[in-house]
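Trainee: Just the structure for this:
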Amino acid sequence: MSWTDERVELLKKMWGEGQSASQIAKELGGVTRNAVIGKVHRLGLSNRSGSEPAKPAAEAAPAKPAPKPEKKAEKPAAPKVEEKPVEKPVQAAVPARKQIIPAGQPLPPQPSANEISPEALATVREVEKTAKKISLMELTERTCKWPIGDPATEDFWFCGLAAQPGKPYCEAHVGVAFQPMSSRRDRRR
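Mentor: Here you go, the predicted structure:
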């Protein structure tokens, strides 16, 4: 569908008469309501309460002088009613965004780190002393993929020890990552 001169003129006429975008789309056929709205904005017709509807009436006044004064009397009353809601836009509260930490900055303590049992942490620290300290490119399906350190620093690495079958981590990191439900419930109390 293309906007021919005839279709654009019909759109302008109907818009000036106060018809809705849906009504105009039905009349034109082959266009959606959104297409009509887009065309109205591109043509600069979006302000119905302005002087645009009055201009076609003033231009057509010499041909039909009697009906036009009636429309002029009707038109100013309707836009005044429509203008009041438009003049009172309500600003919605913008939700707070999560803090973005720039690269190279240490990450704040994560809530999940506080839930790990002291025994599991001690085991993990011992295992990390013997870890292979491999890079992302050295990871395989058989290596532990537990990340250690801050990814934005040079000291970031992965555990690299032998992963448990069917798991992404070694035995120590599986103990931290996959905890039984009952032990997690007990810590919350």
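Trainee: Tell me the buried residues in stretch 149-161?
Mentor: By 16 or more other Cβ atoms under 10 Å, the buried positions in stretch 149-161 come out as 157-161. For the C-beta atoms, the positions are set from N, CA and C on the backbone; glycine is no exception.
Trainee: Let's have those residues in CSV, adding pLDDT, secondary structure and distance to Lys129.
Mentor: Shown next, in CSV, are the buried residues of stretch 149-161 (pLDDT from 0 to 100; DSSP: H, G, I helix; E, B strand; the rest coil; distance: Cβ to Cβ, whole Å):
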residue, pLDDT, secondary structure, distance to Lys129
Trp157, 91, strand, 13
Phe158, 92, strand, 15
Cys159, 91, coil, 11
Gly160, 92, coil, 13
Leu161, 92, coil, 11
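Trainee: Just send these back as TSV, with distance to Leu28 too.
Mentor: Formatted as TSV, the buried residues of stretch 149-161 follow (distance: Cβ to Cβ, whole Å):
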residue	distance to Leu28
Trp157	64
Phe158	61
Cys159	65
Gly160	66
Leu161	69
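Trainee: Can you tell me the closest non-neighbouring residue to Trp3?
Mentor: Spatial nearest neighbour of Trp3, chain neighbours left out: Lys39 (6.2 Å); criterion: Cβ to Cβ, 6 or more residues apart in numbering.
Trainee: In this protein, where is pLDDT below threshold?
Mentor: The chain contains residues with pLDDT under 70 at 1, 46-99, 107-117, 180-189.
Trainee: Strands of this protein, start to end?
Mentor: Applying DSSP state E to the chain gives strands spanning 147-148, 157-158.
Trainee: Turn the ones you listed into a markdown table, columns for distance to Thr32.
Mentor: As requested, the strands of the chain are exported to a markdown table (distance: least, Cβ to Cβ, whole Å):
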| stretch | distance to Thr32 |
| --- | --- |
| strand 147-148 | 49 |
| strand 157-158 | 52 |
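Trainee: For Phe178, find the nearest of the ones you listed.
Mentor: strand 147-148 (16.1 Å; Cβ to Cβ).
Trainee: tell me the domain ranges of the chain?
Mentor: 5-86, 115-188 (automatic domain parsing).
Trainee: Look up phi and psi at the closest residue to Glu138 other than its chain neighbours.
Mentor: The spatial neighbour of Glu138 that comes closest, neighbours along the chain excluded (Cβ to Cβ, 6+ apart), is Gly160 at 7.0 Å. Main-chain dihedrals, Gly160, degrees, to the nearest 10: phi 80, psi 0.
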